[in-house]
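In: Have a look at this prediction, sequence included:
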Amino acid sequence: MNVVFMLLSTMLVWIMVPGIAIFYSGFVPKRDVTRIIFNSFLMFGIAGLMWIIIGFPVTFENSNIGLGVDLHHLFLEGINLHAEYQQTGLPTAVYLLFQMMFAILTPALFLGAVASRARIKFIALFVIFWSLLVYYPMAHMVWAGNGFLARLGVLDFAGGTVIHINAGITAMILAITLRKPYQYNNENEKGNPMWILMGTMLLWIGWYGFNAGSALHVGTQAIDAFFTTTVAACAALIAWVIMEKMFKTRVSVNGACTGSIVGLVGITPGAGYVSMIGALFIGVISAMCSFYFMNVIKYKLHLNDYLDIFGSHGVGGIVGSLCVGLFANNTVDNQVPMNGLFYGGGFKLLGIQFVGVIFTVVFVSVISGLLVYLIRKCFKNDVGIDAPLDLT
């Protein structure tokens, strides 16, 4: 049953990649839709093969310094795919495939920031080196037992730091370096509400595999993660609609869908660690913070993140990760080392989560910024704010 459950979860996370492409395509003009879809689906080839060749070995095999540097199992050499992976109770192949979907989804999340501003050469090179230097080290540090942040005590149930803060910060770096301020904003485009709704549905359904599947087995933690994921998304949706009515005078399908996505992002770090009440508050807080960023702070910073990738995933991931330090409860999961602030655990876990967030933001910002600079230096004619829209 555990193997069947994880294979189903893997397929649900797979659905999220076309889901994010459809969701983004609903916000952009027709000229960018093909690029959004192509770039997202291309990640199955680039990020998927990289995970098989080098990603899984350097992320989850032994490393003495907490940065995935073990190169002994390239191309899965010497890895028994049918043997149980550590103490998961799963065959290594099943765990590898589940984690591969995360490695594919994460670049698909941030590539919407440069849908019409980068050629495929840049996209391919950036994703290859970003995976090697950013994603694999982050996944190792948080999810591998001997990773730096794991040893520190940072809790990330399904990817608040590894996926959402990571993708959000990367999207912001790409938006700053490859786009002119306010050259193009989504509020000036009509968009396609049906595509946005369909993308949201696929993402929400896929998120159950994303969060519940991170329990790695059928049990109470998977059920709790499924339940809290639902509660947070519903709470954030309602909170967003209320804020739209209060501050923008009219509600919208785009806003309701965005709110639910923000709630799903916010609950991801703590889905298996918090109660229903905690999930409700996390959904509302995530929606409030993201709404304020998207409608106020973004404009003060002149950030041309026209798909609000940082506003949704970056802000939502940061808020959700910090909320683990507030709402984590070891009566929900007895493997939680200490309760959050609101459950009598004091400020210790909140402080650890804060360190994890700051480290992630700095690490991803520096490496992603350097990668953009170096690749643009090497391929001056292939990337820029006025790059052609062809697929070459």
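Out: Everything's here; your move. Numbering: from 1, shown residues only.

In: hey, where'd the helices end up in the stretch 101-250 of the chain?
Out: 120-130, 136-143, 148-152, 166-178, 193-212, 220-247 (DSSP state H, counting those that start in this stretch).

In: Show me what the fifth one packs onto, helices and strands only.
Out: With contacts defined as 3 or more Cβ pairs under 8 Å, 6 or more residues apart in numbering; DSSP states H and E, helix 193-212 has these neighbours: helix 2-25, helix 220-247, helix 253-267. In this view, the C-beta of every residue, glycine as well, is placed from N, C-alpha and C.

In: Pull out the buried positions in the last one.
Out: Counting neighbours by 16 or more other Cβ atoms under 10 Å, one finds that the buried residues in helix 253-267 are 254-267.

In: Excluding chain neighbours, what is closest to Val17?
Out: Using Cβ to Cβ, 6 or more residues apart in numbering and skipping the chain neighbours, the partner closest in space to Val17 is Ala108 (5.1 Å).

In: and the one you found, what pLDDT?
Out: The model reports Ala108 with a pLDDT of 96.

In: neighbours of it, just the number please.
Out: By the criterion of other Cβ atoms under 10 Å, Ala108 has 25 neighbours.

In: roughly how far apart are it and Leu374?
Out: Distance from Ala108 to Leu374, counting by Cβ to Cβ, to the nearest Å: 23 Å.

In: Which of the buried residues of helix 253-267 sits closest to Met246?
Out: Gly255 (11.9 Å; Cβ to Cβ).

In: what secondary structure does Thr59 sit in?
Out: When classified by DSSP: H, G, I helix; E, B strand; the rest coil, Thr59 comes out as helix.

In: hang on, it packs against Tyr136?
Out: Yes: using Cβ atoms under 8 Å, Thr59 makes contact with Tyr136 at a distance of 4.8 Å.

In: hang on, the earlier thing: could you provide the helices and strands packed on helix 193-212 in a markdown table, with additional columns for mean pLDDT?
Out: Shown next, in a markdown table, are the helices and strands packed on helix 193-212 (pLDDT from 0 to 100):
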| stretch | mean pLDDT |
| --- | --- |
| helix 2-25 | 97 |
| helix 220-247 | 97 |
| helix 253-267 | 97 |
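
In: Met276 is nearest to which of these?
Out: Met276 lies closest to helix 220-247 among those, at 5.5 Å (Cβ to Cβ).

In: mind listing what's buried in that closest one?
Out: Neighbour counts using 16+ other Cβ under 10 Å place 221-222, 224-244 of helix 220-247 among the buried residues.

In: same check, this time on stretch 37-56
Out: Within stretch 37-56, judged by 16+ other Cβ under 10 Å, the buried ones are 37, 39-40, 42-44, 46-48, 50-52, 54-56.

In: Could you list which of those residues belong to helices?
Out: 37, 39-40, 42-44, 46-48, 50, 56 (DSSP state H).

In: From Met141, how far out is the nearest residue to Ile53 once chain neighbours are set aside?
Out: Leaving aside its chain neighbours, Ile53 sits nearest to Phe75 (5.7 Å; criterion: Cβ to Cβ, 6+ apart). The gap separating Phe75 from Met141 is 24 Å, by Cβ to Cβ.

In: Show me which of these two is the more surrounded one.
Out: The residue with more neighbours, out of Phe75 and Met141, is Met141; 28 against 10, by other Cβ under 10 Å.

In: Can you tell me how far the nearest residue to the more buried one once chain neighbours are set aside is from Met138?
Out: If the residues on either side of it in the chain are set aside, Met141 comes closest to Gly147, at 4.0 Å by Cβ to Cβ, 6+ apart. Distance of Gly147 to Met138, given as Cβ to Cβ: 9 Å.

In: Thr10 now?
Out: Computed as Cβ to Cβ, the Thr10 to Met138 distance reads 21 Å.

In: Neighbour count: these two, which is higher?
Out: Met138 (28 against 20).

In: Give me the pLDDT value at the closest residue in space to that one that isn't next to it in sequence.
Out: Spatial nearest neighbour of Met138, excluding adjacent residues (Cβ to Cβ, 6+ apart): Val162 at 5.1 Å. Val162 carries a pLDDT value of 97.

In: Please look at Gly112 and Ile37 and confirm they touch.
Out: No: at 10.7 Å, Gly112 and Ile37 do not qualify as touching, with contact defined as Cβ under 8 Å.

In: Find residues that contact each of these two.
Out: By Cβ atoms under 8 Å, 6 or more residues apart in numbering, Gly112 and Ile37 have no common neighbours.

In: Quick one: residues in contact with stretch 238-248.
Out: Stretch 238-248 has contacts (Cβ under 8 Å, 6+ apart) with 250-252, 255-256, 258-260, 262, 283-284, 287-288, 291, 295.

In: Apply 7 Å and report the result again.
Out: Contact with stretch 238-248 is made by 250-252, 255-256, 258-259, 283-284, 287-288, 291, as judged by Cβ atoms under 7 Å, 6 or more residues apart in numbering.

In: got TSV for those residues, with distance to Tyr273 too?
Out: Output for the contacts of stretch 238-248, formatted as TSV (distance: Cβ to Cβ, whole Å):
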residue	distance to Tyr273
Arg250	37
Val251	32
Ser252	33
Gly255	29
Ala256	27
Thr258	25
Gly259	23
Gly283	15
Val284	18
Ala287	20
Met288	21
Phe291	25
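
In: ok, of the residues you listed, which one's closest to Ala167?
Out: Distance to Ala167 across these (Cβ to Cβ) is lowest for Thr258, with 15.7 Å.

In: what sits against the closest one?
Out: By Cβ under 7 Å, 6+ apart, Thr258 lies in contact with 240, 312.

In: Flag the shaky bits of the stretch 1-150 of the chain, pLDDT-wise.
Out: The stretch 1-150 of the chain contains residues with pLDDT under 70 at 62-71, 116.

In: Check the gap between Glu84 and Asn2 for me.
Out: The gap separating Glu84 from Asn2 is 11 Å, by Cβ to Cβ.

In: Pull up the overlap in contacts between those two.
Out: Common contacts of Glu84 and Asn2 (Cβ under 7 Å, 6+ apart): Leu90.
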